[in-house]
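In: below: sequence and its predicted model.
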Amino acid sequence: MNNILSIKNLRVRFRAKSTLQGMLQKIDDPFIDAVRKVSLDIKQGETFTLVGESGSGKSTLALATAGLLTAKEGQIKFMNEDVTNMTPSQIMAYRKKISFIWQNSIGSLSPRMSVGSLITEGYKIHNLKDRDLKMEADRLLKLVGLPTNIKERYAHELSGGQARRVGVARAIALDPKLIIADEPTAGLDVSVQGEILNLLNKLRDDLGVSLFVITHNLNIVRHISDRTAVMYLGRFVEQGKTDDIFAKPRHPYTLALLSANLTPYQETSLENRIELAGEVPSLMDRPNGCEFHTRCPFSSKHCDNEFPPIHTFDNHQILTCHYPLN
Amino acid sequence: MSDNILKIRDLSVNYQTDRGKLKALRNIDLDISRGSIVGVVGESGCGKSTLITSIIRQLDSNADIPNGSIEFEKQDLLKLSLDKMRNISGTQLSIVFQDPMSTLNPVLSIGRQMMDIQYRDKTSKKIKKQRSIDMLNKVGIPDPQSQLKQYPHELSGGMQQRVSIAMALQAGPSLLIADEPTTALDATLEVQILKLLKELQEEMGCSILFVSHHLGVIAELCDHVIVMYAGEIVEQGSTYEIFNNPAHPYTVKLLECDPASISKKQRLLPSIPGEIPDLTNLSGGCIFKNRCDQSIDRCDKQTPKWNEFSNNHYVSCHLIES
């Protein structure tokens, strides 16, 4: 299968201190790397999920992929086109092929536009004059399972689940090749969460789009995704097939995340979970050596002074650790 | 065991809205025995927050309580004057909210806030300060002495929540209400905070009323679980019974919907079709009847009574009646 998206050694950084502040406080590098050396491939028709805690750089990576943030280093290739060096008109064309479902479903809808104009806004922006907007709106609403009379409503009149569906309708309007969904089920009740995920899955099968899902809900990752990457401090610490990662996590952080995933149906109790000490270090002050060693329950020699090597296992599980777990 | 610290009987709460009277809570009966952790679980709009705010007497001005009593430490909170209520809340009854950043005052230092809440004690500043340091130590904040000078924004989310727990427990309350205290935190921190709550509860012997929509968290922490749906309690029992032997159709469906309960990987996830009934216009009968796939004639007409399904496990459903 072809790779639809291929990212190599991507680095995205933000300025944390002004040049003057940096000089006065004697900070050599007044930038922080939100995403550092990330490489990933997404195949056509595949669901790729990204998990990690807040501040690990998940959303930054997604924004950079969509061309909404510029990368400092690295390469993003989408259908064999280089995204990092595009002219504004090329970017416009690129944005037609890639779309976003935002985390805050109601907040991402303009409060002053009706649902009908919200979901057909893309056609106007991209100047597609041959479309009958009314018919398109009906078609999209049917696709996402909403009644067509919802067109006249405004964002504040929608329930959380409905707003989420409108967001999905907006995302599929321009027939994208890749949909990036940032926390598609955040804030939804479990009884509605299933409906939205089933909808995304169905659209993936019917329209052949690829999905790039960002979430911290591990329970849904297991069911919807083909491949998963685990992010910590802007890096991928482990990446591989979802089934393999859940069955056999090899990075201590992945193991800790899975162990912190509380479910009512497991034997383990709070006492024998792998508990991570402390909190996520600041990006301004990355630890030396393996960046996870300050919280790692298994850290030993080399971990605090040498950056760990990258291991690749035969099942395409990739991880960065001195001592991979068995 | 009849030593109940909190005893709610027949509590109803209505909100006056543009669309008419919204019956947010209807005839709630709830007991919390001394030293236990009781979890309330339910989806958004089921009345969890209304229940908590009516216990601490902080309901909105458009709410009224037509009937019911909330007995805490042998006195009815609903009949107390606001002055007396002020004396109880913060000392015998305290609460930890969902978002620690909005619990703490952003313009006062942690130390100032921790000393301010001890305003009732006529002791010296030095003792109050020492108490604050001890409390911060207990909740696992490193180097509490210097942390007292910090402002809330200088702490991470997990640390902020530890500070709010420290403040809630400072007066040694007999009941702690925790309103989704881990929702704003990451998974690895969530485990840390739950562990902390359990340890402190054992050490201080208080009861906890823990509200969450996260089934896994409830199962992990609580002894007893109450399942709410659309303003009513539909099922209650021990945590083991509720999760392993659910009896009410809503509880059964809710547990089925949780992706964590499905051990085999599957693409199609279950959901509960339909929506929560309009609470301004209730038609009587069972509250879950329009989404229940096993409903019978009686569900339309009669409100179900409490039935004991197994030992200390109660269900409000016609199908369970023996």
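Out: Yes, it's here. Numbers count the residues shown, from 1 in each chain, chains lettered A, B, ... in the order given.

In: switch to C-alpha atoms for all contacts and neighbour counts from now on
Out: Noted.

In: what residues are up against A:Lys134?
Out: The neighbourhood of A:Lys134, defined by C-alpha atoms under 8 Å, 6 or more residues apart in numbering or on different chains, consists of A:Gly116.

In: swap in B:Gln98?
Out: By C-alpha under 8 Å, 6+ apart, the contact set of B:Gln98 is B:178-184.

In: just the closest residue of chain A to chain B, please.
Out: Proximity to chain B, evaluated over chain A using C-alpha to the nearest C-alpha, is greatest for A:Thr263 at 3.9 Å.

In: what about that residue, is that helix, strand or coil?
Out: Classification of A:Thr263 using DSSP: H, G, I helix; E, B strand; the rest coil returns coil.

In: so who does the residue nearest to it when sequence neighbours are not counted touch?
Out: Spatial nearest neighbour of A:Thr263, chain neighbours left out: B:Gly216 (3.9 Å); criterion: C-alpha to C-alpha, 6 or more residues apart in numbering or on different chains. Contacts for B:Gly216 were tallied using C-alpha under 8 Å, 6+ apart; they are A:261-264.

In: at 7 Å instead, please
Out: By C-alpha atoms under 7 Å, 6 or more residues apart in numbering or on different chains, B:Gly216 lies in contact with A:262-264.

In: would you reformat the contacts of B:Gln98 as TSV and include pLDDT, neighbour count and secondary structure?
Out: Listed next are the contacts of B:Gln98 as TSV, based on pLDDT from 0 to 100; neighbours: other C-alpha atoms under 10 Å in any protein chain shown; DSSP: H, G, I helix; E, B strand; the rest coil:
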residue	pLDDT	neighbour count	secondary structure
B:Ala178	94	22	strand
B:Asp179	92	20	strand
B:Glu180	89	18	coil
B:Pro181	90	24	coil
B:Thr182	87	25	coil
B:Thr183	82	16	coil
B:Ala184	78	16	coil
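
In: next, count neighbours for the residue of chain A closest to chain B.
Out: 21 (other C-alpha atoms under 10 Å in any protein chain shown).

In: now do it against A:Ala155, distance only.
Out: Separation of A:Thr263 from A:Ala155 (C-alpha to C-alpha, to the nearest Å) stands at 34 Å.

In: same thing with B:Leu169?
Out: According to C-alpha to C-alpha, B:Leu169 stands 41 Å off from A:Ala155.

In: out of the two, which sits in the busier spot?
Out: B:Leu169 (26 against 22).

In: so how far is chain A from the more buried one?
Out: B:Leu169 sits 22 Å away from chain A, going by C-alpha to the nearest C-alpha, to the nearest Å.

In: any idea how far B:Ile32 is from B:Arg57?
Out: According to C-alpha to C-alpha, B:Arg57 stands 18 Å off from B:Ile32.

In: more crowded one of these two?
Out: B:Ile32 (21 against 17).

In: in the top helix by length along chain A, what's buried?
Out: Identified as the longest helix of chain A according to DSSP state H is helix A:190-207. Across helix A:190-207, burial judged by 16 or more other C-alpha atoms under 10 Å in any protein chain shown covers A:190-204.

In: which non-adjacent residue is nearest A:Glu152?
Out: Nearest residue to A:Glu152, sequence neighbours excluded (C-alpha to C-alpha, 6+ apart): A:Ser114, at 5.5 Å.

In: and that neighbour, what is it in contact with?
Out: Contact partners of A:Ser114, counting by C-alpha under 7 Å, 6+ apart, are A:151-154.

In: who does it bridge with?
Out: A:Tyr154 (DSSP bridges).

In: next up, the contacts around A:Arg153.
Out: If you count contacts by C-alpha under 7 Å, 6+ apart, A:Arg153 has them with A:114-115.

In: list phi and psi for it.
Out: The phi/psi pair for A:Arg153 (degrees, to the nearest 10) reads phi -80, psi 160.

In: would you map the strands across the stretch 151-300 of chain B?
Out: Assigned by DSSP state E, counting those that start in this stretch, the stretch 151-300 of chain B shows strands spanning B:175-179, B:207-212, B:224-229, B:232-238.

In: and the second one, what other elements does it pack with?
Out: Counting by 3 or more C-alpha pairs under 7 Å, 6 or more residues apart in numbering or on different chains; DSSP states H and E, the packing neighbours recorded for strand B:207-212 are strand B:37-41, strand B:175-179.

In: let me know which of the ones you listed is the nearest to A:Leu63.
Out: With C-alpha to C-alpha as the criterion, A:Leu63 lies closest to strand B:175-179 of the helices and strands packed on strand B:207-212, at 33.1 Å.

In: what does that closest one rub up against?
Out: Contacts to strand B:175-179, defined as C-alpha under 7 Å, 6+ apart, come from residues B:92-98, B:206-212.

In: what residue in chain B comes nearest to chain A?
Out: Closest point on chain B to chain A, by C-alpha to the nearest C-alpha, is B:Gly216, at 3.9 Å.

In: follow-up on the earlier one: so which of the buried residues of helix A:190-207 comes closest to B:His248?
Out: Distances from B:His248 to those, taken by C-alpha to C-alpha, are shortest for A:Ser191, at 15.6 Å.

In: the stretch 101-250 of chain B against chain A: which residues are in contact?
Out: Counting by C-alpha under 7 Å from any C-alpha of the partner chain, the residues of the stretch 101-250 of chain B lying close to chain A are B:186-188, B:191, B:195, B:215-217, B:219-220, B:243.

In: for the buried ones among these, write the corresponding ChimeraX selection.
Out: Command for ChimeraX that selects the buried part of those, burial taken from 16+ other C-alpha under 10 Å:
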select /B:186,187,188,191,195,215,216,217,219,220,243
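
In: looking at the residues of the stretch 101-250 of chain B next to chain A, which are in helices?
Out: Using DSSP H, the members of these that fall within helices are B:187-188, B:191, B:195, B:215-217, B:219-220, B:243.

In: could you identify the most distant pair in those residues?
Out: Within these, two members stand farthest from each other by C-alpha to C-alpha: B:Thr188 and B:Phe243, at 23.2 Å.

In: state the distance from the residue of chain B closest to chain A to A:Thr242.
Out: Applying C-alpha to C-alpha, the value for B:Gly216 to A:Thr242 is 21 Å.

In: any idea of the pLDDT on A:Trp102?
Out: A:Trp102 is assigned a pLDDT of 90 by the prediction.

In: name the nearest residue to it, sequence neighbours excluded.
Out: Once flanking residues are discounted, A:Trp102 sits nearest to A:Asp182: 5.5 Å by C-alpha to C-alpha, 6+ apart.

In: go ahead and confirm that neighbour touches A:Val213.
Out: Yes - using C-alpha atoms under 7 Å as the test, A:Asp182 is close enough to A:Val213 to be in contact (6.1 Å).

In: hmm, back to that, give me the subset of the buried residues of helix A:190-207 touching chain B.
Out: With C-alpha under 7 Å from any C-alpha as the criterion, those include A:190-192, A:194-195, A:198 near chain B.

In: can you convert those into CSV and add a column each for pLDDT?
Out: Converted to CSV, these look like this (pLDDT from 0 to 100):
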residue, pLDDT
A:Val190, 85
A:Ser191, 83
A:Val192, 86
A:Gly194, 88
A:Glu195, 88
A:Asn198, 92
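
In: adding distance to B:Lys84, write those out as TSV.
Out: TSV is the format used below for these (distance: C-alpha to C-alpha, whole Å):
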residue	distance to B:Lys84
A:Val190	40
A:Ser191	42
A:Val192	43
A:Gly194	47
A:Glu195	48
A:Asn198	52
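
In: what's around residue 54, how many residues?
Out: Here I'm looking at chain A. Neighbours of A:Ser54 under the rule other C-alpha under 10 Å: 16.

In: meant chain B actually
Out: When neighbours are counted by other C-alpha under 10 Å, B:Ser54 registers 20.

In: next: the one 5 residues further on.
Out: By the criterion of other C-alpha under 10 Å, B:Leu59 has 18 neighbours.

In: what do you get for B:Val211?
Out: For B:Val211, the count of nearby residues is 25 (other C-alpha under 10 Å).

In: any idea what it is bridged to?
Out: Counting by DSSP bridges, the residues bridging with B:Val211 are B:Val40, B:Asp179.

In: tell me the contacts of it?
Out: Going by C-alpha under 7 Å, 6+ apart, the list of residues near B:Val211 reads B:39-41, B:48, B:178-180.
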